[in-house]
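Undergrad: Give me a model of this one.
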Amino acid sequence: QVQLVESGGGLVQAGGSLRLSCATSGRTISSYGMGWFRQAPGKEREFVAYISWRSTYYADSGKGRFTISRDNAKNTVYLQMDSLKSEDTAVYYCAATPFSSKWTITLRDYTDWGQGTQVTVSS
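TA: Predicted coordinates:
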């Protein structure tokens with residue numbers, strides 16, 4: 001089991017940037033695929049980005065603007081978000097999946113979740 005704690009959310013103007021962090025503990029994340037999801041008010045939780053040990057995958061909404069990365073030595077995963085839009089406003093969640101070599105966007109494939117961090121983009 002992996003414990004995850006997100007941080008770095010906040011209020012930012014449209015066009016600005018934020019860097020989210022996901023600090024993990026418990027089992028080492030080097031054997032896990034890691035993902036970021038988000039949930040806006042009244043909407044379902046949706047996939048944002050995935051990283052394995054050698055590849056990344058993004059939802060169309062974040063391609064070219066978001067960058068996921070990981071530091072296995074620090075057991076931390078990051079999501080750099082640039083050119084933010086008002087529609088990016090949501091609670092962002094970090095999650096771990098045993099699918100460590102093939103990307104997955106399916107929520108039920110992720111076994112461990114953080115508590116989320118709020119991102120609010122003002123227009």
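Undergrad: tell me which element the residue nearest the centre of the chain falls in.
TA: The centroid of the chain falls nearest to W36 when counting by Cα atoms, centre = their mean (2.2 Å). Assessed by DSSP states H and E, W36 sits inside strand 33-39.
Undergrad: what separates that strand from the chain centre, distance-wise?
TA: Mean-position distance between strand 33-39 and its chain equals 4 Å (Cα atoms, centre = their mean, to the nearest Å).
Undergrad: in its sheet, what does the helix or strand that comes right after it sit against?
TA: For strand 33-39, the following helix or strand on the C-terminal side (DSSP H and E) is strand 46-51. If you go by DSSP bridges, strand 46-51 pairs up with strand 33-39 (antiparallel), strand 56-58 (antiparallel).
Undergrad: rewinding a little: tell me the average confidence for the strand holding W36?
TA: If you average the pLDDT over strand 33-39, you get 97.
Undergrad: quick one: the strands in this structure?
TA: With strands called from DSSP state E, the chain shows them at 2-7, 10-13, 18-26, 33-39, 46-51, 56-58, 66-71, 76-81, 90-97, 112-113, 117-122.
Undergrad: Would you list the strands that the third one pairs with, along with their directions?
TA: Strand 18-26 has the following sheet partners, assigned by DSSP bridges: strand 2-7 (antiparallel), strand 76-81 (antiparallel).
Undergrad: Can you say which of the ones you listed is nearest to G16?
TA: Distance to G16, taken as Cβ to Cβ, is lowest for strand 76-81 among those, at 8.9 Å. C-betas here are computed from N, CA, C, even on glycine.
Undergrad: Lovely, talk soon.
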